[in-house]
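Participant: after the sequence you'll find the predicted model.
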Amino acid sequence: MDFYLKEKKKHKKGKILLVVLILCAICIGAVLFAMGDVKGNGKKVEFTIPKGQSIITTAERLKDKQLIASKWGFVIYAKLTSYGDDIKHGVHTLKSGMTKKEILKNFTTAGSENTITFTIPEGYSVEMIGDLLEKKGVCKKAGFYKAASTTEGYTNDFLKDIPKRQGYYYILEGYLYPDTYNVYKRSTAKQVVQKMLDNFQGKYNAILKEKKYTGKHSMFELVTMASIIEREAEIQSERPMIAGVIENRLRINMKLQMCPTVLYVTTKGKYDANKVYYSDLKVKSPYNTYVNKGLPVGPICNSDDSALKAAMSPDKNDYLFYHTNEEKKDGSHIFTKTYKEHEDTQIIDDKSK
């Protein structure tokens, strides 16, 4: 009798488990169905998947480009199908209005071999990027310089907020996000710049959301500050401190006196010199913060996440000065509150040579 009851209970549990599994499957199916797909006009869209990019990041980027209706709907669908485990990196040609299945099926085919991969390091200026692109065979540097000198023809809304000022080297300096890119060999300079601008917009918006920034600075000012921080600070932990010094000097209307703003002018954006001479400090340029008060006329390079985050969340300190720590020679700085302290610590460093 006991054996019969045990078998009956076991059979009942099996039935319950089966019902639960069926209900779960129905729920998942209903959720995916509700999430649906986006409607589109069939316009072709180039979509690059860098090597090693996660399915979640891929889904986020697809959602940003309005190619899918739901990030998690896409991720779940990819995980439940065989497509999710066989996505190939490279450049893929999609069409607006494709279903999740069609997009994933496209991703399982190898990305175009007719592409070039290149990496823009943090702190590179337009001039440096142009040299790299020409060397890599992406486009002529002259064409790239021209493409970075205008906001016309690009699709990003934030470009209208860049002030039109006299003295710019390149108006898009600071907005060409340092990263690894994969482009068609036949890409024009403007198409390459568009990819960089799109990348910048996504990164900037994500940082803005993460930091919940509600400060007084405009995007243009933050990007300009970040470009100085990028060139000034080799050590990541010092970036918020240098941002704090910039804020302190701006607050009391004191000249920033940042050497990279001079080097940007004297090296014509190449940064192929690491020394600033006293005569350089007097160079007449709207970028030179030894001559002019406030921020330079525009960004002096293209910065990464850490510099942008430092600009949005500067360290609250009383420092107005800093200089390279000659004793350590590791790229670190000594920060001081007064000019006398600044001079005294420099004397100590000189004696330590």
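Facilitator: All right, it came through fine. Numbers count the residues shown, from 1 in each chain.

Participant: so where's this structure uncertain?
Facilitator: Residues of the chain that meet the criterion pLDDT under 70 lie in 1-15, 17-20, 23-35, 110-114, 344-353.

Participant: strands of the stretch 101-250 of the chain, start to end?
Facilitator: 115-119, 180-184 (DSSP state E, counting those that start in this stretch).

Participant: just name the most buried of these.
Facilitator: strand 180-184 (a mean of 18; mean count of other CB atoms under 10 Å). In short, each C-beta sits where N, CA and C put it, glycine included.

Participant: what's the angle between it and strand 115-119?
Facilitator: Orientation of strand 180-184 against strand 115-119 (axes from the mean of the first three to the mean of the last three CA atoms, to 10 degrees) gives an angle of 160 degrees.

Participant: given strand 180-184, what are its sheet partners and their directions?
Facilitator: strand 115-119 (antiparallel) (DSSP bridges).

Participant: give me the contact list for the partner strand.
Facilitator: 90-91, 132-133, 136-138, 179-185 (CB atoms under 8 Å, 6 or more residues apart in numbering).

Participant: can I get it in PDB, CA atoms only?
Facilitator: Output of strand 115-119 as PDB, limited to C-alpha atoms (Å, rounded to 0.1, in the frame of the first residue of the first chain):
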ATOM      1  CA  THR A 115      36.900  45.500 -44.300                       C
ATOM      2  CA  ILE A 116      39.700  47.200 -42.300                       C
ATOM      3  CA  THR A 117      40.000  47.200 -38.600                       C
ATOM      4  CA  PHE A 118      41.800  50.000 -36.800                       C
ATOM      5  CA  THR A 119      42.200  51.300 -33.300                       C
END
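
Participant: how far off centre is it?
Facilitator: Between the centre of strand 115-119 and the centre of its chain there are 17 Å (CA atoms, centre = their mean, to the nearest Å).

Participant: swap in stretch 258-278?
Facilitator: Using CA atoms, centre = their mean, the offset of stretch 258-278 from its chain centre is 24 Å.

Participant: same deal with stretch 65-76?
Facilitator: For stretch 65-76 - counting by CA atoms, centre = their mean - the centre lies 22 Å from the chain centre.

Participant: residues in contact with stretch 154-170?
Facilitator: Identification of contacts with stretch 154-170 by CB under 8 Å, 6+ apart yields 126, 145, 148-149, 151, 171, 175, 190, 193-194, 197-198, 201, 204, 218-220, 264, 269, 285-287, 297-298.

Participant: what comes up buried for that stretch?
Facilitator: 154, 158-159, 162, 168-170 (16 or more other CB atoms under 10 Å).

Participant: same thing with stretch 303-318?
Facilitator: For stretch 303-318, burial by neighbour count (16+ other CB under 10 Å) applies to 303-315.

Participant: how about the CA coordinates for that stretch, as PDB?
Facilitator: C-alpha atoms of stretch 303-318 as PDB (Å, rounded to 0.1, in the frame of the first residue of the first chain):
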ATOM      1  CA  SER A 303      39.300  61.500 -24.700                       C
ATOM      2  CA  ASP A 304      38.000  58.200 -23.200                       C
ATOM      3  CA  ASP A 305      35.500  57.300 -20.600                       C
ATOM      4  CA  SER A 306      37.700  58.000 -17.600                       C
ATOM      5  CA  ALA A 307      38.500  61.600 -18.600                       C
ATOM      6  CA  LEU A 308      34.800  62.300 -19.300                       C
ATOM      7  CA  LYS A 309      33.800  60.900 -16.000                       C
ATOM      8  CA  ALA A 310      36.400  63.000 -14.200                       C
ATOM      9  CA  ALA A 311      35.100  66.100 -15.900                       C
ATOM     10  CA  MET A 312      31.600  65.300 -14.700                       C
ATOM     11  CA  SER A 313      32.700  64.300 -11.200                       C
ATOM     12  CA  PRO A 314      35.800  66.300 -10.300                       C
ATOM     13  CA  ASP A 315      37.500  65.800  -6.900                       C
ATOM     14  CA  LYS A 316      36.400  68.400  -4.400                       C
ATOM     15  CA  ASN A 317      39.800  69.800  -3.300                       C
ATOM     16  CA  ASP A 318      41.600  73.100  -2.600                       C
END
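
Participant: ok so, going back, quick check, nearest of the buried residues of stretch 303-318 to Ile76?
Facilitator: Asp305 (28.4 Å; CB to CB).

Participant: who are the contact partners of the closest one?
Facilitator: 203, 207.

Participant: how does this structure divide into domains?
Facilitator: The chain breaks down by automatic domain parsing into domains covering 10-113, 122-317.

Participant: how far out from the middle of the chain is the first one?
Facilitator: Remark: domain 10-113 is offset 25 Å from the chain centroid, using CA atoms, centre = their mean.

Participant: same check, this time on the longest one
Facilitator: Taking CA atoms, centre = their mean, one finds the center of domain 122-317 at 12 Å from the center of the full chain.

Participant: endpoints of that domain, how far apart?
Facilitator: 26 Å (CA to CA, to the nearest Å).

Participant: give me the number of residues near Lys328?
Facilitator: 12 (other CB atoms under 10 Å).

Participant: that's a strand at it, yeah?
Facilitator: No: read with DSSP: H, G, I helix; E, B strand; the rest coil, Lys328 is coil and lies in no strand.

Participant: circling back to that earlier point, turn the buried residues of stretch 154-170 into JSON lines, including distance to Lys255.
Facilitator: JSON lines is the format used below for the buried residues of stretch 154-170 (distance: CB to CB, whole Å):
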{"residue": "Tyr154", "distance to Lys255": "34"}
{"residue": "Phe158", "distance to Lys255": "29"}
{"residue": "Leu159", "distance to Lys255": "29"}
{"residue": "Ile162", "distance to Lys255": "24"}
{"residue": "Tyr168", "distance to Lys255": "21"}
{"residue": "Tyr169", "distance to Lys255": "21"}
{"residue": "Tyr170", "distance to Lys255": "24"}
